[in-house]
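K.L.:
Give the three-dimensional model of this entry:
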Amino acid sequence: MNGIKFKVLFFVSLILLNLPANSENKISTELVKIIDGDTIILRVDKNEFPARLIGIDCFETNVNNRAFKQAYLNNLSIDNVLLKGKNSKKYLKNLYKNTDKTYFEFKGLDIYKRVLAVVYFDDINVNDSMKTFGGCIVY
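P.N.:
As a prediction, the model looks like this:
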């Protein structure tokens, strides 16, 4: 296991071990960066890590193999895929704009060792909102 993967696993384990027994499993966090509609960078204390919004799949924002696959599977042009991806990212940024508190629920790690999470901006379940209004599909 490389150093970054170990750090993420170790860090998340520490967070989970320190949760109070009656906690709703929501971990207070800070949003550092929005990568796209379903991937963000979070910070807890001084530790930053990538988080993938579980249960959704948004279109890509850059030309890559996955974007071409999305275009093919959805009968879209590559330009439409990128536009939908950029619109999802924009929706997520707007959703965050006036947020006072950000939380996440840890749901595991994906194959890339990103934290799988349900994210909340104040009382808004971001994952659900992205499915309903953000142009993302159920995954």
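K.L.:
List of residues touching the longest helix along the chain?
P.N.:
The helix that spans the most residues within the chain, counting by DSSP state H, is helix 78-96. Helix 78-96 is contacted from outside by 31, 34, 36-38, 40, 58-63, 67-68, 70-71, 74, 76, 102, 121, 124, 126, 129-130, 133-136, using CB atoms under 8 Å, 6 or more residues apart in numbering. Heads up, the C-betas are built off the backbone N, CA and C, glycines and all.
K.L.:
distance of the nearest residue to Val138 once chain neighbours are set aside from Lys97?
P.N.:
Spatial nearest neighbour of Val138, chain neighbours left out: Lys131 (6.1 Å); criterion: CB to CB, 6 or more residues apart in numbering. To Lys97, Lys131 is 20 Å away according to CB to CB, to the nearest Å.
K.L.:
Kindly report the same for Asn47.
P.N.:
Asn47 is 25 Å from Lys97, by CB to CB.
K.L.:
Looking at the two now, which is surrounded by more residues?
P.N.:
Asn47 (15 against 7; other CB atoms under 10 Å).
K.L.:
Now do the phi/psi pair for that one.
P.N.:
phi -100, psi 120 (degrees, to the nearest 10).
K.L.:
Who is it paired with across the strands?
P.N.:
Taking DSSP bridges as the rule, Asn47 bridges to Val44.
K.L.:
how close does it sit to Thr29?
P.N.:
Using CB to CB, Asn47 is found at 10 Å from Thr29.
K.L.:
Check which residues of whichever helix or strand Tyr72 is part of are buried.
P.N.:
Following DSSP states H and E, the helix or strand that holds Tyr72 is helix 65-73. Residues of helix 65-73 classed as buried: Ala67, Gln70, Ala71 (neighbour count, 16 or more other CB atoms under 10 Å).
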